[in-house]
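Enquirer: fold the following for me, if possible:
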Amino acid sequence: MANIRDLKKDINYVLGDIIEAVYIWELTNPSKDVKKAEAIIDEAILTFDELIVKVNDKKAENKKQHFKAINAELEDKGRKLIEKINGLG
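Expert: Residues are numbered from 1 along each chain as shown. Presented below is the predicted three-dimensional model:
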C-alpha cells in the first residue's frame, strides 16, 4: 500500500525538517539557552514515535479514516512545534 509508505515518509520529512530547523536556530543563536530548543527536539522525536506506532496499528477497522486522522494529527502537532520554534528567543 503506497498510502502507508507515503504517510510514513511525510511523518519522517515533517518532523525531520522541524528538528533541522531547531538545529539551525541553535547554530545561529550560540549565546542563547538551548534547553527549550532541546525540549522541542525531544517532543518531535516523541511525536514521531507515537505516529509511527499508530500507522503500524493493524487493528484499525476503517483504514482510510485511520490514516486521515494520523495525517491531521501530524499537521496539528507539526504546526504546534513550528510555533514553539518561532517562539524561541
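
Enquirer: give me the distance between A72 and A39.
Expert: According to C-beta to C-beta, to the nearest Å, A72 and A39 sit 24 Å apart. Every residue, glycine included, has its C-beta placed from N, CA and C.

Enquirer: just L74 next, same as before
Expert: Where A39 is concerned, L74 sits at a distance of 19 Å (C-beta to C-beta).

Enquirer: these two: which is more packed in?
Expert: Legend: neighbour count by other C-beta atoms under 10 Å for L74 and A39, higher for L74 (20 against 12).

Enquirer: for stretch 60-75, buried residues please.
Expert: F67, I70, N71, L74 (16 or more other C-beta atoms under 10 Å).

Enquirer: skipping adjacent residues, who's closest to the second one in space?
Expert: Read it as I70. K54 (5.2 Å; C-beta to C-beta, 6 or more residues apart in numbering).

Enquirer: in three-state terms, label that neighbour for me.
Expert: The three-state label given to K54 by DSSP: H, G, I helix; E, B strand; the rest coil is helix.

Enquirer: what is the helix or strand hosting I19 packed up against?
Expert: I19 is part of helix 2-28 when elements are defined by DSSP states H and E. With contacts defined as 3 or more C-beta pairs under 8 Å, 6 or more residues apart in numbering; DSSP states H and E, helix 2-28 has these neighbours: helix 35-55, helix 63-86.

Enquirer: can you say which of these is nearest to R5?
Expert: The closest of the helices and strands packed on helix 2-28 to R5 is helix 35-55. By C-beta to C-beta, the value is 9.8 Å.

Enquirer: if we can go back for a sec, and of the buried residues of stretch 60-75, the nearest to I85?
Expert: Among those, and counting by C-beta to C-beta, the member closest to I85 is L74, at 16.2 Å.

Enquirer: do you know the pLDDT at the closest one?
Expert: The model reports L74 with a pLDDT of 97.
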